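**Q** Provide a 3D model corresponding to the input given below.
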Amino acid sequence: MKVLIIGNGIAGVSVAGALRKLDPDPARLSIEIFTREPYELYSRIRLPEIFRSRLEPDDLQMYQPGWYEQRGIQVHKNRKVARLLRAEKKILLEDGEQASYDKLVLCMGASSARPPIPSCDLEGIFTIREYGDADALRRYLQAGTRQAVVLGGGLLGLEAAHHILSPALERLTVIEQAPRLLPRQLDETGASLLQRLVERWPCRVLVGTSVSEFLGRGKVEGVRLVDGRELPAQTVLISAGIRPRIELAREAGLVVNRGIVVDSRLRSSDPDIYVAGDLVEFEWVVWGIIPAALDHAPVVAHNLLGSPGAQVYQQTIPQNTLKVAGIELASIGKVVLDGEGGFEVVQRYDERQERYEKWVFLQRRLVGALLIGSRENLAFARRSLGRELDPAAVRSLPWSRGVLEPPAGMRDTTAE
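**A** Just a heads-up that it's a prediction; the model follows:
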């Protein structure tokens, strides 16, 4: 069997690795990866570190040299795929060359979303998704930036903002249109604590507002907010979500929506084409996170090879962490309830030590945990998620610095 994988990110490489574990013989199973980038697998979550360093792609590599060769996996670098020729079971490369397949796996990932803001094509406005993006921003910052703005107070936006900070920077501002930072991962209490910690970097945080226009002639000079305020900025980083790269799939006639629509075996509407990573849309959900890509890989591998006891995909439980400038944060499962009923919540808060925990239960099963200020109980949270657990048990978990009373109006245990 010949399997082609388009994309050399964490999804594509994880699928290749999972396939090779199931069949270690390259003579029986040929695996080839095509990537438009010139690099082997590197850590995209470390890209913000590039802004203040001399890190090169080799410094970010996730596997030791020779990993592909040792597993009989062939990687074609700088080979962009132009079309999927489904009827012929081939792919057409940009240089005109073709490659045939028995099974195809689409792992092209996603591009950074750019909101439709006037003048967003000005020089000095960046998005970050690949090494080349981060390297371009590093070079631009080194040319001289006094004020910088980051649009988006999500995980990547905050990581990037921290690494943009430098002694040469007079002001850094993070703008989040939601009413709080990390709106998908944090409740109001957690977001308020996080904002206080971020503002000490120092970093100005504006929530509940957005940019209506970029200002400048040729180069960005500032941003205008929807309320009319103007902020100076010589550099702007947009961190406003992703757009799955579905163009090849759409042109080939596969069923697409926001992502590529798949069944529980992660097959597209073509039974010989599987999907993993940011491209997957399953039951109307596009995760676009690394844990999802890791969940997809073994499902694709087992089903593609028709292994006994083939697996089915049952959605990913989101797990997010942030560790910048001394901030320890982990959000697992369902922690933002938005008024939904039937949940029991246990909260512990230490304002002086800036530590907060939230444990969410549904029918006496742990369905979510939020930890800020310490990861002391993170292993327990991961181990217990989805299992039956007495809510009272979390009150006896380690809290090495002592527990103060929750903020006014916060109950220790609530039914919401």
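**Q** what's the separation between the residue positioned nearest the centre of the chain and residue 64?
**A** With distances taken as Cα atoms, centre = their mean, residue 289 lies nearest the centre of the chain, 3.8 Å away. Plainly put, residue 289 is 25 Å away from residue 64 if you go by Cβ to Cβ, to the nearest Å. Heads up, the C-betas are built off the backbone N, CA and C, glycines and all.
**Q** what's the answer for residue 164, then?
**A** Distance from residue 164 to residue 64, by Cβ to Cβ: 31 Å.
**Q** neighbour count winner among these two?
**A** residue 164 (23 against 7; other Cβ atoms under 10 Å).
**Q** next up, the contacts around that one.
**A** 48, 51-52, 141, 148, 150, 172, 235, 237 (Cβ atoms under 8 Å, 6 or more residues apart in numbering).
**Q** try 10 Å
**A** By Cβ atoms under 10 Å, 6 or more residues apart in numbering, the residues touching residue 164 are 48, 51-52, 137-138, 141, 145, 148-150, 172, 174, 203, 235, 237.
**Q** now the buried members of those.
**A** 48, 51, 137-138, 141, 145, 148-150, 172, 174, 203, 235, 237 (16 or more other Cβ atoms under 10 Å).
**Q** can I get those in JSON lines including secondary structure and pLDDT?
**A** Converted to JSON lines, these look like this (DSSP: H, G, I helix; E, B strand; the rest coil; pLDDT from 0 to 100):
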{"residue": "48", "secondary structure": "helix", "pLDDT": "92"}
{"residue": "51", "secondary structure": "helix", "pLDDT": "91"}
{"residue": "137", "secondary structure": "helix", "pLDDT": "95"}
{"residue": "138", "secondary structure": "helix", "pLDDT": "94"}
{"residue": "141", "secondary structure": "helix", "pLDDT": "92"}
{"residue": "145", "secondary structure": "coil", "pLDDT": "91"}
{"residue": "148", "secondary structure": "strand", "pLDDT": "97"}
{"residue": "149", "secondary structure": "strand", "pLDDT": "98"}
{"residue": "150", "secondary structure": "strand", "pLDDT": "98"}
{"residue": "172", "secondary structure": "strand", "pLDDT": "97"}
{"residue": "174", "secondary structure": "strand", "pLDDT": "98"}
{"residue": "203", "secondary structure": "coil", "pLDDT": "96"}
{"residue": "235", "secondary structure": "strand", "pLDDT": "97"}
{"residue": "237", "secondary structure": "strand", "pLDDT": "98"}
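**Q** from these, which is closest to residue 264?
**A** residue 48 (35.0 Å; Cβ to Cβ).
**Q** from residue 16, how far off is the closest one?
**A** To residue 16, residue 48 is 27 Å away according to Cβ to Cβ.
**Q** same thing with residue 70?
**A** 12 Å.
**Q** helices of the stretch 51-200 of the chain, residue ranges please.
**A** With DSSP state H, counting those that start in this stretch as the criterion, the stretch 51-200 of the chain has helices at 67-70, 131-142, 155-164, 188-198.
**Q** ok, residues contacting the second one?
**A** Where contact means Cβ under 10 Å, 6+ apart, the residues beyond helix 131-142 that reach it are 37-39, 42-44, 46-57, 60, 111-112, 123-128, 130, 145, 148, 160, 163-164, 166, 168-169, 219, 234-235, 237.
**Q** among the residues you listed, which ones are buried?
**A** 37, 39, 42, 44, 46-51, 55, 57, 60, 111-112, 124-128, 130, 145, 148, 160, 163-164, 169, 234-235, 237.
**Q** who's in contact with residue 383?
**A** Residue 383 touches residue 366, counting by Cβ under 10 Å, 6+ apart.
**Q** phi, psi for it please.
**A** With angles defined as degrees, to the nearest 10, residue 383 sits at phi -70, psi -30.
**Q** now do it, the pLDDT please.
**A** Note on residue 383: pLDDT of 93.
**Q** picking up where we left off before, tell me which of residue 70 and residue 16 has more neighbours.
**A** Between residue 70 and residue 16, counted using other Cβ under 10 Å, residue 16 has the larger neighbour count: 27 against 11.
**Q** return whichever strand or helix holds the more buried one as CSV; C-alpha atoms alone will do.
**A** According to DSSP states H and E, residue 16 maps onto helix 10-22. Extracted in CSV, the C-alpha atoms of helix 10-22 (Å, rounded to 0.1, in the frame of the first residue of the first chain):
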residue,chain,number,x,y,z
ILE,A,10,2.2,17.6,14.1
ALA,A,11,-0.8,16.0,12.5
GLY,A,12,0.9,14.6,9.4
VAL,A,13,4.0,13.4,11.2
SER,A,14,1.9,11.8,14.0
VAL,A,15,-0.2,9.9,11.4
ALA,A,16,3.0,8.7,9.7
GLY,A,17,4.4,7.5,13.0
ALA,A,18,1.2,5.7,13.9
LEU,A,19,1.1,4.0,10.5
ARG,A,20,4.6,2.8,10.9
LYS,A,21,4.0,1.4,14.3
LEU,A,22,1.1,-0.7,12.9
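**Q** what's around residue 268, how many residues?
**A** Neighbours around residue 268, by other Cβ under 10 Å: 24.
**Q** now the buried ones among the contacts of residue 164 as a markdown table including distance to residue 363?
**A** Converted to a markdown table, the buried ones among the contacts of residue 164 look like this (distance: Cβ to Cβ, whole Å):
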| residue | distance to residue 363 |
| --- | --- |
| 48 | 40 |
| 51 | 45 |
| 137 | 47 |
| 138 | 49 |
| 141 | 50 |
| 145 | 52 |
| 148 | 47 |
| 149 | 45 |
| 150 | 40 |
| 172 | 44 |
| 174 | 38 |
| 203 | 41 |
| 235 | 49 |
| 237 | 42 |
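**Q** leaving out the residues flanking it, which one is nearest to the residue nearest to the centre of the chain?
**A** Distances taken as Cβ to Cβ, 6 or more residues apart in numbering put residue 318 closest to residue 289, at 6.4 Å, once the chain neighbours are dropped.
**Q** got a list of what the one you found touches?
**A** 184-185, 287, 289, 291-292, 331-335, 368.
**Q** specify the residue ranges that define each domain of the chain.
**A** The record's domain split for the chain, according to automatic domain parsing, is 2-111+242-305, 125-238, 326-415.
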